[in-house]
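*Asks:* would you be able to build a 3D model of this:
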Amino acid sequence: MNLLIFASDAKALSSLNSVIHEASKEGHRIFAMVAQTTELSHPVQSKQNFQILCNVKRSKHLYSNSLGEWLPFTPDWVVVNRERWFPENAIIEEFSKIGSKVSLVEPNSWILNNAETRLETCSRNKWVDKIDMFFVGSKNNIENGIVAGFQGNTIAVGNPKYDSNFEVSTDNIKQLRESYNASEDKNNVLLFSVVNGNRDNINKIFKRYVSDTSKRYFYKPYPGEPYGPKWESDYYPNFFIPNCTPILEENHVWGMFDICDTHVGSMSSIVHATLLKGKKYIDHSLEIGLPKKYLDFSGVFQDEGPGIENNKAMWMRSLELKHESELKEILSDDYGSRIEKANKKVWDNLENSEILLTLFDDYNDGNAAKRIINELQR
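*Replies:* Residues are numbered from 1 along each chain as shown. Take a look at the predicted model:
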């Protein structure tokens, strides 16, 4: 089997590195073009940021315009971790036209639904005819996709992000402790950012935490958050939460999961890692009213606001809508009642880590990449 695997940043690579390893171990032919940068890189414009991992003799068999590289074979499968954004969308377009199949490894667990997930699903459905398989963590993820109207061919295999990334060396942990001044003689606390309309509320709670100066606090941003125009001023020139250090390098996140004894936030896909590590988790979803807020669709009709979804013009443009009534039609009352029922599985089990783990991932066994390769071979 000939595999082309592409990752445009460190977050993407964390979802695909175990797939690369497993495919190579099983003797498949691989051409992987991957970046380990925190910010997204383009394979042509930022070629210096990429490594090429190839286990066959390099040759000029097929030139890819989207990659700016010669491939030694025609891929049977192209494996990526996102589809709607550049450069992955150009790669998918190019290789689907020449007959290569495409698979997408979802980096996050589809754990809850709201207005944003419904609208994103409508946008993603434009790509399902070009992507042959979507790999997700659990049957619950598949069911949530169905509730939101997702039309892709989705298979539950577990999340390969947690196959190997937790294996952080002792030397790496030591270096991170020194770099972040995260000594063992203090309780180190990890705060999980959100970039939706609940951002201001959760950050108020975080500011209460950091008033306790007996502990060290670290802030895990949403990928790309510190570099986008909407929130860049929260990070530069000074971080907006006092007595707290943001983790700006994506590759540092895995070690900081180990170093921090307590993790704090509201329910989202990142909590999967916390539960797998057996860390103390403090959830503020109920305090900030998420069960009701996820049923309130008014945020996407706002012209601006604290969250990424507070941008009506963006949704209208993305979905090629002409009238606000079309947006309202997509977010029907029926959708609200369906997600209320689906989300209840999470809200009713916030204190039950065993059930939450199965909602995130059917397996949690570190073998997701093996199942992905098996599915691609079928």
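
*Asks:* alpha carbons only for contacts and neighbour counts from here, please
*Replies:* Noted.

*Asks:* would you list the phi and psi of the residue nearest to Val136 when sequence neighbours are not counted?
*Replies:* Of all residues not flanking Val136 in the chain, Ala156 sits nearest, at 4.9 Å (Cα to Cα, 6 or more residues apart in numbering). With angles defined as degrees, to the nearest 10, Ala156 sits at phi -90, psi 120.

*Asks:* repeat that for Asp163.
*Replies:* phi -70, psi -40.

*Asks:* quick check: which element contains the residue nearest to it when sequence neighbours are not counted?
*Replies:* Spatially, and ignoring its direct neighbours in sequence, Asp163 is nearest to Gly366 (4.0 Å; Cα to Cα, 6+ apart). Of the helices and strands defined by DSSP states H and E, none includes Gly366.

*Asks:* same question, the one 4 residues further on
*Replies:* Secondary-structure assignment from DSSP H and E places Lys370 in helix 368-377.

*Asks:* list the buried ones in that helix?
*Replies:* Residues of helix 368-377 classed as buried: 368-373, 376 (neighbour count, 16 or more other Cα atoms under 10 Å).

*Asks:* what do you get for stretch 74-94?
*Replies:* Buried, per 16+ other Cα under 10 Å, within stretch 74-94: 74-83, 87-89, 91-94.

*Asks:* in strands, which of the residues you listed fall?
*Replies:* The members of the buried residues of stretch 74-94 that map onto strands under DSSP state E are 77-80.

*Asks:* could you measure from Lys230 over to Tyr217?
*Replies:* For Lys230, the distance to Tyr217 (Cα to Cα, to the nearest Å) stands at 23 Å.

*Asks:* let me see the mean pLDDT of the helix holding Lys370.
*Replies:* For helix 368-377, the mean per-residue pLDDT is 98.

*Asks:* what of stretch 315-326?
*Replies:* Stretch 315-326 comes out at a mean pLDDT of 96.

*Asks:* what is the end-to-end distance of that stretch?
*Replies:* Using Cα to Cα, the end-to-end distance of stretch 315-326 comes out at 11 Å.

*Asks:* just use 398 as the starting number from now, easier for me
*Replies:* I'll keep to 398 as the first residue from here, and by that count the last item is stretch 712-723.

*Asks:* quick one: buried residues of it?
*Replies:* So stretch 712-723, judged by 16+ other Cα under 10 Å, has buried residues 712-713, 716.

*Asks:* for it, what is the distance to the chain centroid?
*Replies:* Computed by Cα atoms, centre = their mean, to the nearest Å, the chain-centroid distance of stretch 712-723 equals 26 Å.

*Asks:* got the contact list for that stretch?
*Replies:* Residues outside stretch 712-723 that contact it (Cα atoms under 8 Å, 6 or more residues apart in numbering) are 516, 519-520, 697, 724.

*Asks:* nearest to Ser590 among the residues you listed?
*Replies:* Of all these, the one with the least separation from Ser590 (Cα to Cα) is Val697, at 19.9 Å.

*Asks:* can I assume the closest one is in contact with Gly704?
*Replies:* No: between Val697 and Gly704 there is no contact under Cα atoms under 8 Å: 9.3 Å.

*Asks:* burial check on Glu581, number of neighbours?
*Replies:* By the criterion of other Cα atoms under 10 Å, Glu581 has 11 neighbours.

*Asks:* helix or strand for it, which one?
*Replies:* Per DSSP H and E, there is no helix or strand for Glu581.

*Asks:* would you mind measuring from it to Gly675?
*Replies:* From Glu581 across to Gly675, the span is 18 Å (Cα to Cα).

*Asks:* cool, and Gly763?
*Replies:* Distance from Gly763 to Gly675, by Cα to Cα: 15 Å.

*Asks:* between the two, which has more neighbouring residues?
*Replies:* Using other Cα under 10 Å as the criterion, Gly763 and Gly675 rank with Gly763 on top: 16 against 13.

*Asks:* list the contacts of the more buried one.
*Replies:* For Gly763, the contacting residues are 557, 559-561, by Cα under 8 Å, 6+ apart.

*Asks:* same check, this time on Ser500
*Replies:* 474-477, 528-532.

*Asks:* quick check: it is in a helix.
*Replies:* No: if the criterion is DSSP: H, G, I helix; E, B strand; the rest coil, then Ser500 is strand and not within a helix.

*Asks:* who's it bridged to?
*Replies:* Beta-bridge pairing for Ser500 (DSSP bridges): Val476, Met530.

*Asks:* could you verify my assumption that the residue nearest to Val533 touches Phe532?
*Replies:* Yes: using Cα under 8 Å, Ala553 is in contact with Phe532, at 6.0 Å.
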